[in-house]
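S.K.: this one's structure only:
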């Protein structure tokens with residue numbers, strides 16, 4: 001069973017990697033790598049990791065649309 005992560009971990013990640021509504025490919029990769037690291041060391045749950053991936057995917061798509 002996964003332990004509950006600090007609630008602020010997700011917020012910090014979001015502020016650091018999703019500052020705007022869009023990401024370019026480099027920013028997207030950094031956001032996913034950071035989310036993977038947080039998940040690997042147990043600071044976030046798998047469910048939180050999936051939400052981070054969804055948000056990063058949406059920001060990348062928004063970035064592609066704005067080109």
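M.R.: Happy to help now that I have it. Just so you know, these numbers come straight off a predicted model, no measurement behind them.
S.K.: any idea how far the most centrally placed residue in the chain is from residue 39?
M.R.: With distances taken as C-alpha atoms, centre = their mean, residue 52 lies nearest the centre of the chain, 3.4 Å away. Distance, residue 52 to residue 39, using C-beta to C-beta, to the nearest Å: 8 Å. Glycine gets a C-beta too; all of them are placed from N, C-alpha and C.
S.K.: Please apply the same query to residue 29.
M.R.: Here residue 29 is placed at a distance of 16 Å from residue 39 (C-beta to C-beta).
S.K.: ok, now residue 45?
M.R.: The value you get for residue 45 to residue 39, if C-beta to C-beta is used, is 8 Å.
S.K.: In this protein, where's the longest helix?
M.R.: Ranked by residue count, the top helix of the chain under DSSP state H comes out as helix 46-65.
S.K.: name the helices or strands packed onto it?
M.R.: Helix 46-65 sits against helix 8-17, helix 25-40, with contacts defined as 3 or more C-beta pairs under 8 Å, 6 or more residues apart in numbering; DSSP states H and E.
S.K.: Let me have the ones you listed in TSV, extended by mean neighbour count, mean pLDDT and distance to residue 56.
M.R.: Formatted as TSV, the helices and strands packed on helix 46-65 follow (neighbours: other C-beta atoms under 10 Å; pLDDT from 0 to 100; distance: least, C-beta to C-beta, whole Å):
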stretch	mean neighbour count	mean pLDDT	distance to residue 56
helix 8-17	14	93	7
helix 25-40	15	97	5
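S.K.: As JSON lines, these with distance to residue 64 would be great.
M.R.: What follows is these, written out as JSON lines (distance: least, C-beta to C-beta, whole Å):
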{"stretch": "helix 8-17", "distance to residue 64": "17"}
{"stretch": "helix 25-40", "distance to residue 64": "9"}
